[in-house]
Every structure is written in structure tokens, then in C-alpha cells.
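J.: Have a look; sequence and predicted model below, questions after that.
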Amino acid sequence: MRQIVEERLTFFSGPLRLSGVLSYPEQDTPEHAVLLCSPHPHFAGDMDNNVVRAVTEQLARQSVVLRFDYRGVGESEIVLGAGVSVFDYWTEIEETRDYADAVEDVRSAARMLAAATESLDVDFCVVGYSFGAAVGMLFGYDASEVDKMVALAPPLGKVPFDFLSDCTKPSLHLVGKKDFLYSDDRIGVYGRAVGPGARVVILDEADHFFRGNEDVLAREVGRFIREP
């Protein structure tokens, strides 16, 4: 069994100090750099989420993996107006679909990961789960450093993904058929929106949270990232 090293770190998103964990193989030379984007904080959205941890454990055997907490989550800082709670802040993001702050956090994490792997000749992949799939792909679509993208349980019907309609970057989209957001109509719309580089895979036994299916999911992601 390959041993994995984990290092806690901090980095800045604008004036805010965010918290993250860098994971990588102890002895082998990493072959990839992977940025993991967590789900929405109202839905178990932190860097220790079951899906985020399972994908980290699978990928860090051969990759440098950075997972992190968005502003206001865990030890990551946030600045709020008078009378506004962190819960209120993230509720407004969910209601307005204004993802600018979250995408900036993703962009800052990507800079941190790029700096950590600067001396390595590795490709760069963004993997996002649920809300993280939306903000990860919003960042990765036109980020020159990103070679591949992965969406896990993208929020079908809640976020338009047609910004990917002309995207030629290889991308994998894993959707559980038992996801509470799944319908034949929604997956059809999604499949037509995500561009010519996309591969959409439906996992018949998985729901939105992938409980009991974390290892299957993580292996699918690992295979895609290792593909030439």
C-alpha cells in the first residue's frame, strides 16, 4: 500500500486566508495535480466530506491533491456585514446563483496547487462535487492551466451548464440515477449542454451523496485522470 503524506496549509483568496490540505504519495513521483472542490456548505460541504475524502485517498497515491474549504467554512476566513451570519451568506449564494466569490476561492486554490507542483511536469485536473462541480467548471472552462475536468453529481436543473457548450477539454460527468435531482429530461438537457469533450456516465445504484459507492466513484475518477 502506497503511503500518503498530508500537509495542512493556508493560502489567500483576496484578503481572506483559506485553509486546505495537500496530499501526495510519500515515495513515488506524482503524475498529476488535482484540485478538489467541495459541495455547498449547507450540504456537508467541506473538505472532509465523504466523497471528497474518498477521491483524495484514491488519487493521492499518484497525484498531488489539494482540497480546501471555501470562505467561512472550517478555518477559512470570511468578512461579513453587520447582522449577517455565515449561514445567511451561503443561503444568498444558493438563492442568487452568484458564484463569483466561490470561483475566486477555486482560482486561488488553483494558484496554490500550481505553485506546489511547479517543479513537476504534471497535468492539471479540477474535480468538483455537486456545487463544487459548478464552480470548478466555471473556473476550469477557460483556465489555461486546466487540462481535464470532472463533475460529480452536478446540480441538474439548478445550474445551467451551457457555458460548456463549446468546451473541448476532456471532461467526465458522473451522475447517480438515484440522485434526487435526476430525471431523464434533466440528464438529456445536461448531456446536450456540456460540450464535445464531455463523457457523461450514469451510475445506476448511486444517489447524490454516493454513500456506499464512494470507492466505485473514486476509481472512475482515477481511471479518467490516468487516461492519456
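T.: That came through fine.

J.: Centre of the chain to stretch 85-95, how far?
T.: 20 Å (C-alpha atoms, centre = their mean, to the nearest Å).

J.: so for that stretch, what's the average pLDDT?
T.: Averaged over stretch 85-95, pLDDT sits at 95.

J.: From here on, call the first residue 16.
T.: Yes, from this point I'll number from 16; that puts the last item at stretch 100-110.

J.: For it, list the C-alpha coordinates in CSV.
T.: Extracted C-alpha coordinates of stretch 100-110, given in CSV (Å, rounded to 0.1, in the frame of the first residue of the first chain):
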residue,chain,number,x,y,z
SER,A,100,-24.2,35.2,9.5
VAL,A,101,-22.1,32.7,7.5
PHE,A,102,-25.4,30.7,7.1
ASP,A,103,-27.0,33.8,5.6
TYR,A,104,-24.1,34.4,3.3
TRP,A,105,-24.2,30.9,1.8
THR,A,106,-28.0,31.0,1.6
GLU,A,107,-27.8,34.1,-0.5
ILE,A,108,-25.3,32.4,-2.9
GLU,A,109,-27.6,29.4,-3.2
GLU,A,110,-30.6,31.6,-4.0
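
J.: buried residues in it?
T.: Buried residues in stretch 100-110, counting neighbours by 16 or more other C-beta atoms under 10 Å, are found at 104, 105, 108. C-betas here are computed from N, CA, C, even on glycine.

J.: Secondary structure and distance to residue 238 for the residues you listed - can I get that in TSV?
T.: What follows is the buried residues of stretch 100-110, written out as TSV (DSSP: H, G, I helix; E, B strand; the rest coil; distance: C-beta to C-beta, whole Å):
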residue	secondary structure	distance to residue 238
104	helix	37
105	helix	33
108	helix	33
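
J.: residue contacts, residue 120?
T.: 28, 33, 83, 85, 86, 91, 150 (C-beta atoms under 8 Å, 6 or more residues apart in numbering).

J.: how about it, phi and psi?
T.: When read as degrees, to the nearest 10, the backbone of residue 120 gives phi -60, psi -40.

J.: per-residue confidence for it?
T.: Reported pLDDT for residue 120: 98.

J.: Which members of the contacts of residue 120 are positioned in helices?
T.: residue 150 (DSSP state H).

J.: Output the contacts of residue 120 in a markdown table; the columns should cover neighbour count and distance to residue 176.
T.: Shown next, in a markdown table, are the contacts of residue 120 (neighbours: other C-beta atoms under 10 Å; distance: C-beta to C-beta, whole Å):
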| residue | neighbour count | distance to residue 176 |
| --- | --- | --- |
| 28 | 22 | 24 |
| 33 | 25 | 25 |
| 83 | 29 | 23 |
| 85 | 30 | 20 |
| 86 | 23 | 24 |
| 91 | 21 | 26 |
| 150 | 26 | 12 |
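
J.: State the helix or strand in which residue 201 lies.
T.: Secondary structure assignment for residue 201, by DSSP states H and E: helix 199-208.

J.: Tell me if residue 22 really is in a strand.
T.: Yes - checked against DSSP: H, G, I helix; E, B strand; the rest coil, residue 22 lies within a strand.
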